[in-house]
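Enquirer: Fold the following for me, if possible:
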Amino acid sequence: MPRINTAIRSVWGVSEIGFSIAATLETAFFLFFLTDVAQLPLAISGIIAASASAVDTVSALLAGVFIDKFHFKKGKYRPWLIIAPIIAMVFFIMCFTKVGGDVVAGIVISIGYVVSHFCWNITYAGIRSMTNVLTDEPSERAFLSGRLGAGAALGRVIASKLVPLITTSLAALVSGVLAYSICAAVVSIIYIIAMAICFFATKGYDTETKSEGKKISFKAMGKNIVTNPNLIGVVLHDILRLIAYYTVAAGTAYYAKVVLGDASASGTILMMFYLGCFVGSFIAARVAKKLGTKNTSILGVVGWLVIWIIAYVLQPGYVLLNVLLVLSQVFFGLAYGLSANLYSMCATWSHWKTGENTLGTTMSIMTVSVKLGVTLRAIILPAFLSLVAYDATATVFDAAAIAGIEQMYFLLPIGLLVVSLIPFLLLFKIKDSDITKMNEEIAQKA
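Expert: Residues are numbered from 1 along each chain as shown. Alright, predicted model coming up:
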């Protein structure tokens, strides 16, 4: 298998910057668009948001199955980097339109959401599957994984400023729904360009997968998932640590408002949060080269744990919180940046163990973990707020309210991170050196 070249090293991760910019429009403004711009009834808006999100979680897994069952003459994964984003653009624009009455508009928007996200999921699984296709060298796979994590974190930083700027600028030129439709087109074009850069940089790779895919049964795909203890350990670990990650991201607004007494501070705090994760992800491969992927992942989670315990004890103000937040996310970035490599290692183990290459399906489970992390966070966080009797209408908060938000912001993620380590330590047994041996045996059997 060829090693990655300079072009790939230079641009890998750009895809995630484009994706984060496009995804930010949906995560930050989709519900607002439904209720305030398209002015759909709350009942219809709620049904669209809930049902589309549920279908999207299922489609994330189906996207990997789709990739494993389908192939092109010139490759199995790489062509999707061009095809899927272009199709997604058409349907993503549909998410930000209003055609006909409320019911018809809701149906059109729902179709646009489901199809565009299915295409996004295909691209997401495809770009991560390329980690295994581009090289069989463990350190290089860690590098590719780290760049994907760094790109995702950097993309969130850029998107936090760029997407509101685009929507605000368009709102001054055109009115209502059209502004969001155009914005969806603009961010989709950015996404397509970012994926195209990675597509052209990987020219000449992915050719060895021409004949793969048709022989793999749905039964084999399912079996390879449920009988892979390493994958089960990674998935449980990943979901729990992502819930912690998204809890802090969403909880920052509450911490700024209640504890710091300045709701406007949340924007800067979030930017520091994402910057820390970017730095950690960017250096993850270097650390993994010395410590190994598993040990580096553990270091990342434990590092965040220790700093977050210190933060809870110190009850930091604005400046100290930013310092501790950056440090915690530099550590977590080490783990986050190696996420794709963990799933890649599980896919290699499954291929070696069963002789069936279900790489696309395995990598798509990474998408499912992300979506489950977001969904479960959306359940756990409101429940915790209710538990501590948070009053959204209050303008002044007493010591009990402040203590409750501090527990949510610090203790809840701490507990989740501790529990996340248990399945990872017990079930994930693959060393980086094992991957080289497995690939050699896979090649011999081919």
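Enquirer: Quick check, central residue of the chain?
Expert: With distances taken as C-alpha atoms, centre = their mean, the residue of the chain nearest its centroid is Val370 (5.2 Å).
Enquirer: quick one: it and Leu242 touch, right?
Expert: Yes - the pair Val370 and Leu242 passes the contact test of C-beta atoms under 8 Å, sitting 6.3 Å apart. In short, each C-beta sits where N, CA and C put it, glycine included.
Enquirer: which residues do those two both contact?
Expert: Here Val370 and Leu242 share no contacting residue, scored by C-beta atoms under 8 Å, 6 or more residues apart in numbering.
Enquirer: what stretches of the stretch 201-350 of the chain score poorly on pLDDT?
Expert: For the stretch 201-350 of the chain, applying pLDDT under 70 flags the ranges 207-221.
Enquirer: What about Tyr205, how many residues nearby?
Expert: By other C-beta atoms under 10 Å, 20 other residues sit near Tyr205.
Enquirer: I meant Val235, not that one.
Expert: So Val235, with other C-beta under 10 Å, has 23 neighbours.
Enquirer: That one: which element?
Expert: helix 229-254 (DSSP states H and E).
Enquirer: Output the contacting helices and strands for that helix.
Expert: helix 266-291, helix 318-336, helix 339-354, helix 359-387, helix 412-427 (3 or more C-beta pairs under 8 Å, 6 or more residues apart in numbering; DSSP states H and E).
Enquirer: rerun at 6 Å
Expert: With contacts taken as 3 or more C-beta pairs under 6 Å, 6 or more residues apart in numbering; DSSP states H and E, helix 229-254 sits against helix 266-291, helix 339-354, helix 359-387, helix 412-427.
Enquirer: tilt between that helix and helix 412-427?
Expert: 170 degrees (axes from the mean of the first three to the mean of the last three C-alpha atoms, to 10 degrees).
Enquirer: in helix 229-254, what counts as buried?
Expert: Residues of helix 229-254 classed as buried under the neighbour-count rule (16 or more other C-beta atoms under 10 Å) are 230-252, 254.
Enquirer: do the same with stretch 266-279
Expert: Buried positions in stretch 266-279, judged by neighbour count with 16+ other C-beta under 10 Å: Ser266, Ile269, Leu270, Met272, Phe273, Tyr274, Leu275, Gly276, Cys277, Phe278, Val279.
Enquirer: distance between the ends of stretch 283-301?
Expert: 15 Å (C-alpha to C-alpha, to the nearest Å).
Enquirer: Ala389 belongs to a helix?
Expert: No - using DSSP: H, G, I helix; E, B strand; the rest coil, the assignment for Ala389 is coil, not a helix.
Enquirer: Distance of it relative to Tyr409?
Expert: 16 Å (C-beta to C-beta, to the nearest Å).
Enquirer: Same question for Asp68.
Expert: 40 Å.
Enquirer: Which one of those two is surrounded by more residues?
Expert: Asp68 (30 against 24).
Enquirer: So that one sits against Leu359, correct?
Expert: No - using C-beta atoms under 6 Å, Asp68 is not in contact with Leu359, being 7.3 Å away.
Enquirer: burial measure for the nearest residue to Phe278 once chain neighbours are set aside, as a count.
Expert: Among residues not flanking Phe278 along the chain, Ala153 sits closest, at 3.7 Å (C-beta to C-beta, 6 or more residues apart in numbering). Ala153 has 28 neighbours, counted by other C-beta under 10 Å.
Enquirer: my read is Ala153 is in a helix, agree?
Expert: Yes - under three-state DSSP, Ala153 sits within a helix.
Enquirer: Tell me which residues touch it, please.
Expert: Tyr274, Cys277, Phe278, Ser281 (C-beta atoms under 6 Å, 6 or more residues apart in numbering).
Enquirer: ok, it to Ser369 distance?
Expert: 17 Å.
Enquirer: next one: Leu81
Expert: From Leu81 to Ser369 the distance is 21 Å (C-beta to C-beta).
Enquirer: more crowded one of those two?
Expert: Leu81 (25 against 22).
Enquirer: hang on, isn't the more buried one packed against Met195?
Expert: Yes - applying C-beta under 6 Å, one finds Leu81 in contact with Met195, separated by 4.7 Å.
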